[in-house]
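Chemist: Pasting the sequence and the predicted model now:
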Amino acid sequence: MNKEKFGFIEFFQSQLQSFDMEGLEVGRVALEHKRSYRVWTENEELLCEVSGKLGYTAQGREDYPAVGDWVVLKRMPGEQKGIIHAVLNRKSKFSRKMAGLSTEEQIVAANVDTIFLVNSLNEDLNLRRIERYLLLSWESGANPVIVLTKADLCDDMEVKLAAVETVAMGVPIVPISVLNEGGMDAIYPYLLPGHTIALLGSSGVGKSTLTNYLLGHEKQKVQDIRSDDARGRHTTTHRELVLLPNETVLIDTPGMRELQLWESENGIAGSFADIEGYAEDCKFRDCTHHKEPGCAVKEKIREGLLEESRLTSYKKLLRELAYLERKQDSRAQAAEKKQWKNISKSMKQQQK
């Protein structure tokens, strides 16, 4: 397989100039098994591990390969295995804070061109969740597209589309039904050879059904949604690259129960352009949009041009980002202190 067909562009090619490529080759991470990786190369798929040096110099989880990454590797003679020596710089990445108490980045998908934010048009449609996904999508460097599935189950399509439009200014919104193939023509312009599309969304919204349809056969087992709360059950259990018949690369991902923010300050401007635009007309530059006189944002709410719930969501996300920034600063200080402690210890040993 020609590597250009699964996304190897000049951005990555130019980085190889800093490597002595004798005995080395490039591949793309298709699947991650904890610390082992399935990697696509031009000749075959290899099972790879990271080199000792790469593992030693890695400062955090973000320095290890992620699904979608291009890596420099050395094939092990006579085996379908390899050693990953370097991860090429990413052109984009969709990241979230790793679930739990630790302040670490989890890269969900790397080197993505377009993100399909998949949501179901049943009772589980959640505008606040869409805002959160959009925030991280704008930060990723990829272009978001909102794909609304199960249109055949929706009786109030215009109402729901209007609601989604209030939180997704300028973002394409594509309602589809895989069951009766309704709206599928609007998907195809995004399916370009060599481009990478990540499917992101909660469990049961139809990501696996969409993947199976685009592949032309059932790769992922599909489960029905639960009748008691309209929520889905997990079908995809891991992130994986899938090559479509037209040579578009698809990254199918498990449904995410938790989507905590990660370095999304710039994404705020893209996701909440309406609020930040209104805020420029506030009487006070440091207006918190609470009870200050001359608040243009509150005035828009009174005029019916902005929902109070959207402002509440905006404030909540800002607080979450501020908390994350404080945690990251503390972690960075601890890491720097540990590094200098190791350097000091090493120098003392050399002096003996």
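Modeler: Yep, that arrived. Numbers count the residues shown, from 1 in each chain.

Chemist: use CA for all of it now, contacts and neighbours both
Modeler: Will do.

Chemist: where exactly do the helices run in this structure?
Modeler: 10-13, 52-57, 127-140, 157-165, 207-215, 265-271, 273-279, 296-302, 308-351 (DSSP state H).

Chemist: mind listing what's buried in the third one?
Modeler: Neighbour-count burial for helix 127-140 flags 127, 129-140 (criterion: 16 or more other Cα atoms under 10 Å).

Chemist: now swap in the second one and tell me
Modeler: Of the residues in helix 52-57, those buried under the neighbour-count criterion (16+ other Cα under 10 Å) are residue 55.

Chemist: Kindly report the same for the first one.
Modeler: For helix 10-13, the neighbour count (16+ other Cα under 10 Å) marks residue 12 as buried.

Chemist: Could I get the average pLDDT for it?
Modeler: Mean per-residue pLDDT for helix 10-13: 95.

Chemist: now swap in the longest one and tell me
Modeler: Here helix 308-351 scores 65 as its mean pLDDT.

Chemist: Can you tell me how far residue 28 is from residue 18?
Modeler: As judged by Cα to Cα, to the nearest Å, residue 28 and residue 18 stand 18 Å apart.

Chemist: what about those two, which has more around it?
Modeler: Under the criterion of other Cα atoms under 10 Å, the comparison of residue 28 against residue 18 puts residue 28 first, with 27 against 7.

Chemist: So the residue nearest to that one when sequence neighbours are not counted versus residue 83, what's the distance?
Modeler: Distances taken as Cα to Cα, 6 or more residues apart in numbering place residue 70 nearest to residue 28, at 4.5 Å, with adjacent residues excluded. As judged by Cα to Cα, residue 70 and residue 83 stand 13 Å apart.

Chemist: same question, residue 4
Modeler: Counting by Cα to Cα, the gap from residue 4 to residue 83 is 22 Å.

Chemist: Which of the two has more residues huddled nearby?
Modeler: Set side by side, residue 4 and residue 83 show more neighbours around residue 83, with 21 against 13, by other Cα under 10 Å.

Chemist: Correct me if wrong: that one contacts residue 50.
Modeler: Yes - at 5.5 Å, residue 83 and residue 50 qualify as touching, with contact defined as Cα atoms under 8 Å.

Chemist: where does the stretch 151-300 of the chain have low pLDDT?
Modeler: Low-confidence segments of the stretch 151-300 of the chain, defined by pLDDT under 70, span residues 217-237, 255-267, 269-270.

Chemist: Local confidence estimate at the residue minimising distance to the centre of the chain?
Modeler: Nearest residue to the geometric centre of the chain (Cα atoms, centre = their mean): residue 94, 2.7 Å. With respect to pLDDT, residue 94 scores 88.

Chemist: If you drop the residues flanking it in sequence, what lies closest to it?
Modeler: residue 140 (4.8 Å).

Chemist: which residues sit in contact with that neighbour?
Modeler: By Cα atoms under 8 Å, 6 or more residues apart in numbering, the contact list for residue 140 reads 92, 93, 94, 95.

Chemist: Tell me the one of those nearest residue 192?
Modeler: For those, the residue nearest residue 192 by Cα to Cα is residue 92; the value is 17.3 Å.
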